[in-house]
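In: Only the shape, not the letters, is given here:
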């Protein structure tokens, strides 16, 4: 396994790939593979990769993986405003 990885590293270095791009390639491939293994379940794939599910969701959107539309966010429940206590005026 290490020999294969060292070969990939040499191939990337010889191809003039910068570290940031190489990290993105590896990250995207691993996320894609984990999603396939887990049938598209982001929560299960994130557990398999050892990352938080919110990070997984953010990265799938960034890399264009998944269904391509972000989940609708719920609005927080409204609160009834309390009357403000004003300072007592002394005449």
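Out: Structure received. Bear in mind that the values here come from a model prediction, so they are computed numbers and not experimental data. Numbering: from 1, shown residues only.
In: per-residue confidence averaged over the longest helix seen in the chain?
Out: Ranked by residue count and defined by DSSP state H, the top helix of the chain is helix 19-37. Mean per-residue pLDDT for helix 19-37: 93.
In: immediately after it, which helix or strand?
Out: Following helix 19-37 in sequence order, the next helix or strand is helix 42-49 (DSSP states H and E).
In: re the thing from before, list the buried ones in the longest helix of the chain?
Out: Neighbour-count burial for helix 19-37 flags 28, 31, 34-35 (criterion: 16 or more other Cβ atoms under 10 Å). Every C-beta, even on glycine, is put in place using the N, C-alpha and C of the backbone.
In: Redo those residues as JSON lines? Include distance to residue 46.
Out: What follows is the buried residues of helix 19-37, written out as JSON lines (distance: Cβ to Cβ, whole Å):
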{"residue": "28", "distance to residue 46": "15"}
{"residue": "31", "distance to residue 46": "9"}
{"residue": "34", "distance to residue 46": "8"}
{"residue": "35", "distance to residue 46": "10"}
